[in-house]
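[1] with the sequence up front, the predicted model follows.
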Amino acid sequence: MSSIQARNRAEASSKKEQRAAEARFKKEQRAQEGAKALAAYEVEGRAVRAKTARLRALRLAKEAAETPTELTQKTARKISKRVASVI
């Protein structure tokens, strides 16, 4: 084997190792970005659930504070709107 062939094989091996290292780096980078995205998704979900719970509590408190007559009038309006939309 000539020195040129040996050098070509060494360069090919070196390039192959470099591509493998780059692939490992990219894979690790994607994993880190995925972990960040998942954390952001979970934080956003918790915020939405907290906001929903807060708004629900406010709505329930408001409904509890209303007199039965106000509730009946609201219910009657809702029913009349539904009937009117069906007709």
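    Arrived safely, thanks for sending. A quick note: this is a predicted structure, and the numbers were derived from the prediction, not measured.
[2] pLDDT weak spots in the protein?
    1-2, 4, 6, 10, 12, 67-68, 70-71, 83, 86-87 (pLDDT under 70).
[3] starting at the chain centroid, how far to the lengthiest helix in the chain?
    Looking across the chain with DSSP state H, the single longest helix is helix 3-65. In terms of C-alpha atoms, centre = their mean, to the nearest Å, the centre of helix 3-65 is set 11 Å apart from its chain centre.
[4] so after that helix, what's the next helix or strand?
    Using DSSP states H and E, the next helix or strand after helix 3-65 towards the C-terminus is helix 68-86.
[5] list the contacts of that next one.
    Glu63, Glu66 (C-beta atoms under 8 Å, 6 or more residues apart in numbering). (Each C-beta comes from the backbone N, C-alpha and C, glycine too.)
[6] likewise for stretch 47-56?
    Under C-beta under 8 Å, 6+ apart, the answer for stretch 47-56 is an empty list.
[7] what residues of that stretch count as buried?
    Across stretch 47-56, burial judged by 16 or more other C-beta atoms under 10 Å covers no residue at all.
[8] could you give the angle of the longest helix of the chain to helix 68-86?
    Angular relation of helix 3-65 and helix 68-86 on a 0 to 180 degree scale: 120 degrees, by axes from the mean of the first three to the mean of the last three C-alpha atoms, to 10 degrees.
[9] nearest the middle, which residue of this protein would you pick?
    Closest to where the C-alpha atoms of the chain average out (C-alpha atoms, centre = their mean) is Tyr41, at 3.6 Å.
[10] got a list of what that one touches?
    Counted by C-beta under 8 Å, 6+ apart, Tyr41 has zero contacts.
[11] how many neighbours does Lys36 have?
    Lys36: 10 surrounding residues under other C-beta atoms under 10 Å.
[12] now Glu66
    Applying other C-beta under 10 Å, we find 12 residues neighbouring Glu66.
[13] ok, it - contacts?
    With C-beta under 8 Å, 6+ apart, Glu66 has these contacts: Lys74.
[14] look up how far Ala47 lies from it.
    Distance, Glu66 to Ala47, using C-beta to C-beta, to the nearest Å: 29 Å.
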